[in-house]
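> Turn this into a structure:
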Amino acid sequence: MNQTKKSTQASRAADPIFLEVFWTRVRSVADEAAKLIIRTSFSTLSTEANDFAVVVTDSQGRALAENSGSIPSFIGTLPRTVRAAMSVIGVNEMRPGDIYITNNPWIGTGHLNDVCLVKPIFHLNKLIGFAATAGHVPDIGGKIRSVDARELYEEGFHIPIMRFLRKGKPDDSLITLIRTNVRTPEQTVGDIWSQVGAVELVADRLSDVLQEYALDGIDELAEALFSRGEQAMRQSILKLKDGVYRYEMRTDGFDTNFTFSVAVKITGSEIECDFSGTSLQQPRAINCVMAYTQAMTVYAIKCLLLPDLPNNDGLFRPIRVCAPEGTLLNPTSPAPVGGRSCTGHYVPILIFGALQFVLPDRVMAGAGSPLWIANLSGIRADGKPFATVLFYNGGMGATAGKDGSSAMSWPSNISPTPVEVAERDSPIFFQYKQLRPGSGGKGRTRGGLGEEICFVNKHEGPLSIVFLTERLRVPAPGLGGGGDGACGEVLINGLTVDSRRPHILAPGDAVILRTPGGGGYGASSERAETLTSYDRLHQYV
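Modelled structure (predicted):
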């Protein structure tokens, strides 16, 4: 590159207007790739539930942009996946047309069901960045996803970082292995190819952007954006009072409750979140790898301090996360991790609980999450196996100024499976789906309501069903004197069942799910009469 071109690129990195235009263009590329996934995926996990993400990084694997509807945890873990690919494959060994694949929980998103792809992007014969995707596939083999697994090897087909495409040519042996080891070969492999289309699109579009602006790379512009993002986060942290703020809570656990603990230390323009005191890792599939713990932590802090600024690597530089190895929030391999959302979704609640003392008007009471999941599987009339994943949500916690939203996914943003789609794809019939009156915690502002769903097995044979549920015994906590939300319930044929174990549904068996309510905020005696009357009118209480 000649000196004039260097000077032009440097001046653009210092130009806030050009930076904003460039960054917007890159984010729009990620959004276009996300739409491609929605339109071409084979399973409802991407087309309906939004359980995927697209991330663009610079040449060092630092997050520059992500699709606007991405899963919060994925945008935190995917840059780590990119850097792992750089280490394992070797930057000097990467070639145009390569695409790398993995579902390793410790370098991916935390469990085997999420398949990650990484594509190196070349421009003018130089590696200038990466496109990465993560998507939840309908089946990855092994046990149907549950908390019942005792080690990682039970949970499915494990793909280390390797080439899915080498110079544009697919690894047919790997594809055959994947198809052979899963219950839904067409959907699982089809969803992976959909992700291939997305990363290819990102590479093509980003190359077009660079050519349009006569740029030979993105690193200098990316670093300028990272620097501005870091500065914005540090300025926000400086407004907080220095100190160590602690919060601890109990969750359902198994034989005994689990303890989750955090100490949030604010020092000048930096924040450290230490999860020491959290329960030890378990021989059950609820362990949450450090990558996911870190992603959920920085997500929570960003929600509180800079909710409107798009994500990039710089925003997270002032935030340090640590958890003792061998605990629920930093397990060692080969710990089972299939139900890691049952643990990881508690992390933002912990951060909010600790920071209620410095940001009382911004934090939220405990949500009815973690997300509830029902995994159905069986044999179709043609003898082929099938598997379906259904998502359901509890109520969000209340904030100082607003009631919690009802039946809303948080801290994930996964959409509930539409009834019509679930009935189309599975041999079940929904008798009703409705809000749970009185399930939101009382307070000056009320917790969001959970929902009640009833569906019946219409298959001519048995169906296997496995649940991922939480808050069945320990409710979502209120804040500032607010009441706790209602606990959840799982019933089969009117009888409460242990949802931590697999069940067989005979033809005609009915399942009822009652998801938890969110916690309330403030004393209920301070609730406005107009809000109380509104609740009665709409039968929310």
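
> what comes up buried for stretch 224-237?
For stretch 224-237, the neighbour count (16 or more other CB atoms under 10 Å) marks 224-226, 228-230, 233-234, 236-237 as buried. Backbone N, C-alpha and C define where each C-beta goes, glycine included.

> So which residue is dead centre in this protein?
Ser73 (3.8 Å; CA atoms, centre = their mean).

> circling back to that earlier point, now the buried residues of stretch 224-237 in TSV, with pLDDT and secondary structure?
Listed next are the buried residues of stretch 224-237 as TSV, based on pLDDT from 0 to 100; DSSP: H, G, I helix; E, B strand; the rest coil:
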residue	pLDDT	secondary structure
Ala224	97	helix
Leu225	97	helix
Phe226	97	helix
Arg228	97	helix
Gly229	97	helix
Glu230	98	helix
Met233	98	helix
Arg234	98	helix
Ser236	98	helix
Ile237	98	helix
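
> Check the gap between the nearest residue to Ile492 once chain neighbours are set aside and Ile349 for me.
Spatial nearest neighbour of Ile492, chain neighbours left out: Val511 (5.6 Å); criterion: CB to CB, 6 or more residues apart in numbering. Using CB to CB, to the nearest Å, Val511 is found at 27 Å from Ile349.

> Of the two, which one has the most company?
Each of Val511 and Ile349 has its neighbours counted (other CB atoms under 10 Å); Ile349 has more, 30 against 23.

> Show the pLDDT at the more buried one.
Predicted confidence (pLDDT) for Ile349: 96.

> go on, Arg284?
So Arg284 comes in at 93 (pLDDT).

> just checking, Tyr247 is part of a helix?
No. Tyr247: not assigned to a helix; according to DSSP: H, G, I helix; E, B strand; the rest coil it is strand.

> related to what we said a few turns ago, just curious, which of the buried residues of stretch 224-237 is nearest to Phe18?
Proximity of the buried residues of stretch 224-237 to Phe18 was ranked by CB to CB; the top entry is Ala224 with 9.6 Å.

> Touching, that closest one and Glu20? I think so.
No. Ala224 is not in contact with Glu20 according to CB atoms under 8 Å; the separation is 11.0 Å.

> Okay, buried residues for stretch 51-68 please.
For stretch 51-68, by 16+ other CB under 10 Å, it's 51-67.

> Could you tell me which of these belong to strands?
Counting by DSSP state E, the part of the buried residues of stretch 51-68 found in strands is 52-58, 63-66.

> Now pLDDT and distance to Thr40 too, for those, in JSON lines please.
Below are those laid out as JSON lines (pLDDT from 0 to 100; distance: CB to CB, whole Å):
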{"residue": "Phe52", "pLDDT": "95", "distance to Thr40": "12"}
{"residue": "Ala53", "pLDDT": "96", "distance to Thr40": "16"}
{"residue": "Val54", "pLDDT": "97", "distance to Thr40": "13"}
{"residue": "Val55", "pLDDT": "97", "distance to Thr40": "18"}
{"residue": "Val56", "pLDDT": "98", "distance to Thr40": "19"}
{"residue": "Thr57", "pLDDT": "98", "distance to Thr40": "23"}
{"residue": "Asp58", "pLDDT": "98", "distance to Thr40": "27"}
{"residue": "Ala63", "pLDDT": "97", "distance to Thr40": "24"}
{"residue": "Leu64", "pLDDT": "97", "distance to Thr40": "24"}
{"residue": "Ala65", "pLDDT": "97", "distance to Thr40": "21"}
{"residue": "Glu66", "pLDDT": "95", "distance to Thr40": "19"}
